[in-house]
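Undergrad: following is a predicted model, sequence given first.
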2 protein chains.
Amino acid sequence: MEDDDFDLGLRLRALRQLNGLSQRELAKRAGVSNAVISLIEQNKSSPSVGVLKKVLAGIPISVSAFFSEDLTPRQKVFYRAEDLTEIGSGNISYRQVGRDLSDRALQILHEKLQPGADTGETLLRHESEESGIIVSGEIELTVGDQRKILKAGDAFYFDSRIPHRWRNPGAKEAVIISACTPPTF
Amino acid sequence: MEDDDFDLGLRLRALRQLNGLSQRELAKRAGVSNAVISLIEQNKSSPSVGVLKKVLAGIPISVSAFFSEDLTPRQKVFYRAEDLTEIGSGNISYRQVGRDLSDRALQILHEKLQPGADTGETLLRHESEESGIIVSGEIELTVGDQRKILKAGDAFYFDSRIPHRWRNPGAKEAVIISACTPPTF
DNA sequence: TAATAGTGTTAAGAATAATAAGCAAACGAG
DNA sequence: CTCGTTTGCTTATTATTCTTAACACTATTA
């Protein structure tokens, strides 16, 4: 049932020892029994996130920091598909390559627009250039006074300073992969 | 039992809907029953991390990304104590302010050295300046040909290009807060 | 030696989460 | 309307985790 490359037990043990805590001491701080710590560290039980929160609070470390495997994320090069960070809301999903782009020249997004999704009345504007390809579904793109419906395989390129707007007019989900430079979105 | 400000159920629901999935469809992809999704989203049950992994894999999103609340971490200003990222190993714990420092001028560390901890024979060198204060315990700091034992309240400042070495000669844990600029450590 | 306190581990119940199945409401098609 | 489908939610049973209490081992002390 365990297949991920992330060894939860090992990581907990490392963090606990790194902070000079015994299983019993951590257990006391966390408000759980010492057996839990032992079993978790041996991967003999998979804690509920509630319990995990309590345990990590005793170290202390946040759940977020605990799972961020990028222990030395100085120059991260590879990102697994499911590791993209969601920065969207509503019915438009933006999955971004990397988290902090302040040092980068390029922002790559994996976008998914649900049927009817719309970036809204107030048109978008930012100081950059933007380009991408439609992967599936269809998209109505408005750039300045131009408007066109793009389908899978179609692409676009425009100066982001021109007011623009996205809409999914179809009944299916639309998927886009886009790039933006510099990342001012 | 739930006290954190992180609403797991709400977040799962948001991510699921953002990707246009029903509870049943997500359940099928994840290989769990639909009731699990329902109960988790209502915060009526706290999933084990094993189950959570499976569920998130069906979206898909990594556990790491799921818990990283910094959805728009563009300019993160405040960090909770337990949110510092551990970059240490062995019996020296380095908890760093922020993850990706490639755009920053300053690296701040919360260090904990277990009794006997030592940065090792081969002395450290890097292109920056370094300073800090001992919070508790005691530290033997060697910089070039100078060596001194610092106790709580003592401080240090030196050019990191000079070979240096840390050691905890005491029987108690030693805690230091240090800064490094630029962050080349 | 014996005693005491520390470590991690393990085996019983008690508490909790996951499954399978069924419920009611909303929706579109015929 | 009626049918079929989908939605999310709830309940009884099964499976898992958590607690309590013990065990074995080490190190220190009397």
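TA: Structure's in. What do you need? Numbers count the residues shown, from 1 in each chain, chains lettered A, B, ... in the order given.
Undergrad: tell me the strands beside the helix or strand of chain A with the lowest mean pLDDT, with direction?
TA: Ranking every helix and strand in chain A by mean pLDDT, DSSP states H and E puts strand A:85-86 at the bottom, with a mean of 72. Applying DSSP bridges, strand A:85-86 is found paired with strand A:92-96 (antiparallel).
Undergrad: residues touching the partner strand, excluding its own?
TA: A:84-88, A:107-114, A:117, A:119, A:166, B:18-19 (C-beta atoms under 8 Å, 6 or more residues apart in numbering or on different chains). In short, each C-beta sits where N, CA and C put it, glycine included.
Undergrad: mark which of the residues you listed are part of strands, please.
TA: The strands, defined by DSSP state E, take in A:85-86, A:107-113, A:166 from those.
Undergrad: tell me the helices and strands packed up against whatever helix or strand residue A:132 lives in.
TA: Element membership of residue A:132 [criterion: DSSP states H and E] is strand A:129-136. Secondary-structure packing of strand A:129-136 (3 or more C-beta pairs under 8 Å, 6 or more residues apart in numbering or on different chains; DSSP states H and E): strand A:155-159, strand A:174-181.
Undergrad: who touches the shortest one?
TA: This means strand A:155-159. For strand A:155-159, the surrounding residues in contact (C-beta under 8 Å, 6+ apart) are A:129-134, A:141, A:143, A:150, A:164.
Undergrad: domains in chain A, by residue range?
TA: Per automatic domain parsing, the domain ranges recorded for chain A read A:8-67, A:81-181.
Undergrad: show the subsequent helix or strand relative to the helix ranked longest in chain A.
TA: Across chain A, the longest stretch assigned as helix under DSSP state H is helix A:8-18. Per DSSP H and E, helix A:8-18 leads on to helix A:23-30 as the next helix or strand towards the C-terminus.
Undergrad: run the contact check for that following helix versus chain B.
TA: No. Helix A:23-30 is not in contact with chain B by C-beta under 8 Å from any C-beta of the partner chain; minimum separation 12.1 Å.
Undergrad: so where's chain A uncertain?
TA: Within chain A, the stretches with pLDDT under 70 are A:1-5, A:69-83, A:87-89, A:97-106, A:108, A:120-127, A:182-185.
Undergrad: got JSON lines for the ones in strands among the contacts of strand A:92-96, with distance to residue B:180 and neighbour count too?
TA: JSON lines is the format used below for the ones in strands among the contacts of strand A:92-96 (distance: C-beta to C-beta, whole Å; neighbours: other C-beta atoms under 10 Å in any protein chain shown):
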{"residue": "A:85", "distance to residue B:180": "27", "neighbour count": "22"}
{"residue": "A:86", "distance to residue B:180": "32", "neighbour count": "21"}
{"residue": "A:107", "distance to residue B:180": "29", "neighbour count": "21"}
{"residue": "A:108", "distance to residue B:180": "31", "neighbour count": "19"}
{"residue": "A:109", "distance to residue B:180": "33", "neighbour count": "21"}
{"residue": "A:110", "distance to residue B:180": "35", "neighbour count": "17"}
{"residue": "A:111", "distance to residue B:180": "38", "neighbour count": "21"}
{"residue": "A:112", "distance to residue B:180": "41", "neighbour count": "22"}
{"residue": "A:113", "distance to residue B:180": "44", "neighbour count": "28"}
{"residue": "A:166", "distance to residue B:180": "43", "neighbour count": "20"}
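Undergrad: present those as CSV; the columns should include distance to residue A:6.
TA: Formatted as CSV, these follow (distance: C-beta to C-beta, whole Å):
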residue, distance to residue A:6
A:85, 17
A:86, 19
A:107, 27
A:108, 24
A:109, 25
A:110, 22
A:111, 27
A:112, 26
A:113, 31
A:166, 35
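Undergrad: and these, which two are furthest apart?
TA: The span of those, defined through C-beta to C-beta, is set by A:85 and A:166 at 19.9 Å.
Undergrad: what does chain A have sitting close to DNA strand D?
TA: A:31-36, A:39-40, A:45-48, A:51 (C-beta under 7 Å from any atom of the strand).
Undergrad: do that again at 6 Å, thanks
TA: A:32-33, A:35-36, A:45-48, A:51 (C-beta under 6 Å from any atom of the strand).
Undergrad: out of those, which end up buried?
TA: Neighbour-count burial (16 or more other C-beta atoms under 10 Å in any protein chain shown) is assigned, among the residues of chain A next to DNA strand D, to A:32, A:36, A:45-48, A:51.
Undergrad: farthest pair in the residues you listed?
TA: A:32 and A:46 (14.5 Å).
Undergrad: surely residue A:115 touches residue A:167?
TA: No. Contact between residue A:115 and residue A:167 fails when scored by C-beta atoms under 8 Å: they sit 10.4 Å apart.
Undergrad: between those two, which is the more surrounded one?
TA: With neighbours defined as other C-beta atoms under 10 Å in any protein chain shown, residue A:115 and residue A:167 compare such that residue A:167 has more, 19 against 14.
Undergrad: if that one is in a bridge, with which residues?
TA: Beta-bridge pairing of residue A:167 under DSSP bridges involves residue A:118, residue A:140.
Undergrad: ok, now which ones touch it?
TA: A:113, A:117-119, A:139-142.
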